[in-house]
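>>> let me see the structure of the following:
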Amino acid sequence: MKTTKLLFSFSIAIILLAGCSDDNSDEMTTGTELKADFSFTDDDSTFTFTNLSDSGKTYRWDFGDLGFISNEENPVHTYTIGGKLLVSLTVTDENGNEGYIAKPISAPEIIQIDIAIDGDFDDWEHVDVAYENTSGEGAIQKMKVWTVGENVNFYLEGTSDMNMELVQIYLDSDGDPNSGFSSDDWPDSSGAEIMYEGPFENEDNWGEFYQQGEGTDWAFDDTVEGSSAEDLNISAIVNIGDGIKAVEFSINKSILGSLGDTLGIGILELNSGYSTLSVFPDNGKFVEIEL
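Okay, here's the model as predicted:
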């Protein structure tokens, strides 16, 4: 009888041990480290991150710029700061296991541009040239444009003959070269809805903004409602050396009406007798500016 009791007890112990082993089978993966990985591509300051991790269920991205995070699997992020940054990804699976990886990226330097119409042209240093005359003819030779903010800002550079005694600025404000008035000076593409005519002078500026009227020419009694010469803010014309002059000016967007995606511009420099001294641009169509 004693032998039988011992065998029975031993059998019960084996069964209990086997049961304990089965109960803990799901817990044996807990704490297993996942393999986390990602790749990325960039378009200027906008980065697209692609998750390459194994068995992830939730994701936490830290983009390395002042705490901006995402829980998307494949996020897109635009940086407002530049330089070398560390991007990290933490992946968690359905059992609570985690994987972590961090990779360095290089975001483009963010250049702050604040245009002031004051005759000091240093703030144009990082603005690209919108157009430069290829023929070399005419006093106006180069244009830069900055459209951020309530104004459209322009920088003109020209020869020592650029005096801007009288100018006509033609503006395709709706972005459609087939609407508005065309011009023989820009036969390939013009279509201006608004024209400014006047001198580039800060004192006693009698200039006006005119809008498209009826017929095929400008109606000089049809000015843009609410506009005045002050809506064209002009700096002094400055000799910047080597026979080169520069001037900057801005036009308030509010007088341009309903703007399209682009703004077209062409400029005539005239003398007091309305003879043309300079046509800009010289390629037969307006300079087209993205807004």
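>>> what segments of the chain are helices?
2-23 (DSSP state H).
>>> contacting residues for the nearest residue to Gly226 once chain neighbours are set aside?
Nearest non-adjacent residue to Gly226, counting by C-beta to C-beta, 6 or more residues apart in numbering: Ile255, 6.7 Å away. Backbone N, C-alpha and C define where each C-beta goes, glycine included. Each residue near Ile255 by C-beta atoms under 8 Å, 6 or more residues apart in numbering is listed here: 194, 209, 224, 226-227, 231.
>>> now Phe220
Phe220 neighbours (C-beta under 8 Å, 6+ apart): 197, 210.
>>> Asp282: what's it in contact with?
133-135, 137-138.
>>> widest-spaced pair of these?
Using C-beta to C-beta, the contacts of Asp282 reach their maximum pairwise distance at Thr134 and Gly138, which is 11.0 Å.
>>> neighbour count: the two, which is higher?
Shown here are Thr134 and Gly138; by other C-beta atoms under 10 Å, Gly138 has more neighbours (21 against 10).
>>> measure that one to Val129 for me?
16 Å (C-beta to C-beta, to the nearest Å).
>>> hang on, isn't Ile69 packed against Tyr59?
No - using C-beta atoms under 8 Å as the test, Ile69 is too far from Tyr59 to be in contact (10.0 Å).
>>> counting neighbours, what do you get for Ser45?
Counted with other C-beta under 10 Å, Ser45 comes out at 15.
>>> find the nearest non-adjacent residue to it, please.
Once flanking residues are discounted, Ser45 sits nearest to Tyr79: 4.7 Å by C-beta to C-beta, 6+ apart.
>>> let me see the contact set for the one you found.
45-47, 63, 65, 85, 107-108, 110.
>>> try it again with 10 Å
Contact partners of Tyr79, counting by C-beta atoms under 10 Å, 6 or more residues apart in numbering, are 42, 44-47, 63-65, 68, 85, 105, 107-108, 110.
>>> what subset of the residues you listed is buried?
42, 47, 63-65, 85, 105, 107 (16 or more other C-beta atoms under 10 Å).
>>> same list (those residues) but as a markdown table, adding distance to Ser272 and pLDDT.
A markdown table is the format used below for the buried ones among the contacts of Tyr79 (distance: C-beta to C-beta, whole Å; pLDDT from 0 to 100):
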| residue | distance to Ser272 | pLDDT |
| --- | --- | --- |
| Asp42 | 53 | 95 |
| Phe47 | 56 | 97 |
| Phe63 | 59 | 96 |
| Gly64 | 60 | 95 |
| Asp65 | 56 | 92 |
| Leu85 | 58 | 95 |
| Ile105 | 58 | 96 |
| Ala107 | 52 | 94 |
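>>> same list (those residues) but as a markdown table, adding distance to Glu33.
Shown next, in a markdown table, are the buried ones among the contacts of Tyr79 (distance: C-beta to C-beta, whole Å):
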| residue | distance to Glu33 |
| --- | --- |
| Asp42 | 29 |
| Phe47 | 26 |
| Phe63 | 23 |
| Gly64 | 22 |
| Asp65 | 27 |
| Leu85 | 25 |
| Ile105 | 24 |
| Ala107 | 29 |
